[in-house]
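Participant: I would like to see how this sequence folds:
(one chain, ligands or ions: 1)
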Amino acid sequence: MTDQLKPETLALRTGIHRSQFNEHSEAIYLTSSFVFDSAAQAAARFSGEESGNIYSRFTNPTVTAMEERLAALEGAETCVATASGMSAILACVMGLLSAGDHIIASQSLFGATVNLFNTILKKFNIETTFVPATDIHSWEDAIRPNTRMFFLETPSNPLTEISDIAALAQISRKAGAFLVVDNCFCTPILQKPLELGADIVIHSATKYLDGQGRVLGGAILGNRDLMMEGGVYGFLRTAGPTLSAFNAWIILKGLETLKVRVEAHSKNALHIAQWLESHPNVNRVFYPGLLSHPQFELAGRQQISGGGIVTFEVKGGRDAAWRVIDETRLVSITANLGDAKTTLTHPATTTHGRINQEARDAAGISDGLLRIAVGLEAVEDIQSDLSRGLDKSH
Ligand SMILES: *Cc1c(COP(=O)(O)O)cnc(C)c1O
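Facilitator: Residues are numbered from 1 along each chain as shown. Okay, here's the model as predicted:
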């Protein structure tokens, strides 16, 4: 049945398991453990003979509801929720890879993901080669006999580069590697990587899935074999970075409005991107919904719209960029994104500040670059707030 339903319907009508009270809004089950009717039932639950909840590190009904709803939206057989986006990436790697395996990853990844791959996984003899997100040949050239995973984010942060998911899925399959896509920026409303051939989708539910900046959460989605036999679920259940019932409930309710929110973010973002592109104090705007975006056509094939993140380079370098930030009175100066409130970030001195100047230059993170996660305020108000510093800059 769920196959024919539209996303906004799935977001409201899947994952509903009413209790004996027949509540309309989903209940929240704040309990660490579950009781059994008898010793025999306890034994059957532990042996796996009987399905059912045992302990909330393994399963919890509120978490299960959120997993079912997100799986329906992504078109995935299975979803496993995690405590954060980073623990989703960790569980994916710990479940699917072993010491001696090799990862090929996009150069343009979330900072903590780069750190995880570069420092922590390296200690366990899992090596990563970073390649340009948009250059298919460099992915092919990086393949080794022990390559087991391709990992990417599209659009990338902060430059909104687009990786060709379908093309990379073919290449990774030929290499015998899993393609993992961090779908945090688009959400399943705008992009469905599994349909394009990816094996696994990762989410930081902290961003648009919650959508109001309240909780941390994450998810891993893919087919049942990969999650279960592949060891992803086993890692979570054993190591423990599972999602709390309370956070699952927040995300479950956030999903209900995901479509209208993401569409509104995207509409506001396109307006801001077009306005910035015509602004005399702006050198360049990076937004997949603009004709000037180098991969406008690929973005149009792969995503329904450009999404909520707009990055732009102001004339006058760091001082001018900081002036735009410091002259705002409305938008929030914070590095988070995917919130209903607009947020403004200077990547070179915050999210990408730990990367040295040379690497930043190579990645195109210039000192004049600003990233806006366009929120749901009236677009005129966002625009006039940004104008204050921008009209003066340079
Ligand atoms: C925020 C983010 C993450 C990490 O998620 P957390 O919930 O903060 O752990 C991973 N990938 C992307 C693209 C992100 O924006």
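Participant: just the helices in the stretch 251-394 of the chain please.
Facilitator: 258-277, 296-302, 317-326, 357-363, 379-392 (DSSP state H, counting those that start in this stretch).
Participant: What residues does the chain have near the ligand?
Facilitator: 84-86, 110, 112-113, 153, 157, 182, 184, 204, 206-207, 216, 218 (C-beta under 6 Å from any ligand atom). Using the backbone N, CA and C atoms, a C-beta is placed for each residue, glycine as well.
Participant: cutoff 8 Å now
Facilitator: 84-89, 109-110, 112-113, 153, 157, 182, 184-185, 202, 204-207, 216-218, 336-338 (C-beta under 8 Å from any ligand atom).
Participant: From residue 338, how far off is the residue of the stretch 201-350 of the chain found nearest the ligand?
Facilitator: The nearest approach of the stretch 201-350 of the chain to the ligand comes at residue 204, 3.0 Å away (C-beta to the nearest ligand atom). Relative to residue 338, residue 204 is positioned 8 Å away (C-beta to C-beta, to the nearest Å).
Participant: any shared contact partners between these two?
Facilitator: residue 184 (C-beta atoms under 8 Å, 6 or more residues apart in numbering).
Participant: does residue 27 really touch residue 62, like I thought?
Facilitator: Yes: using C-beta atoms under 8 Å, residue 27 is in contact with residue 62, at 7.3 Å.
Participant: one step back: my read: the residue of the stretch 201-350 of the chain closest to the ligand touches residue 211, true?
Facilitator: No: applying C-beta under 8 Å, one finds residue 204 not in contact with residue 211, separated by 12.0 Å.
Participant: For these two, work out which one has more neighbours and name it.
Facilitator: The neighbour comparison of residue 204 against residue 211 (other C-beta atoms under 10 Å) goes to residue 204, with 28 against 25.
Participant: burial of the nearest residue to that one once chain neighbours are set aside, as a residue count?
Facilitator: Counting by C-beta to C-beta, 6 or more residues apart in numbering, residue 85 is the residue found nearest to residue 204 once chain neighbours are left out, at 2.5 Å. Applying other C-beta under 10 Å, we find 24 other residues in the vicinity of residue 85.
Participant: For residue 48, see how far away residue 85 is.
Facilitator: Taking C-beta to C-beta, one finds residue 85 at 29 Å from residue 48.
Participant: try residue 63
Facilitator: 19 Å.
Participant: Which of these two has more residues huddled nearby?
Facilitator: residue 63 (27 against 7).
Participant: Okay, and that one sits in which element?
Facilitator: helix 61-74 (DSSP states H and E).
Participant: same thing with residue 144?
Facilitator: In the assignment (DSSP H and E), residue 144 maps to no helix and no strand.
Participant: List the residues that contact it.
Facilitator: With contact taken as C-beta under 8 Å, 6+ apart, residue 144 is in contact with residue 102.
Participant: Quick one: distance of stretch 118-133 to the chain centre.
Facilitator: 20 Å (C-alpha atoms, centre = their mean, to the nearest Å).
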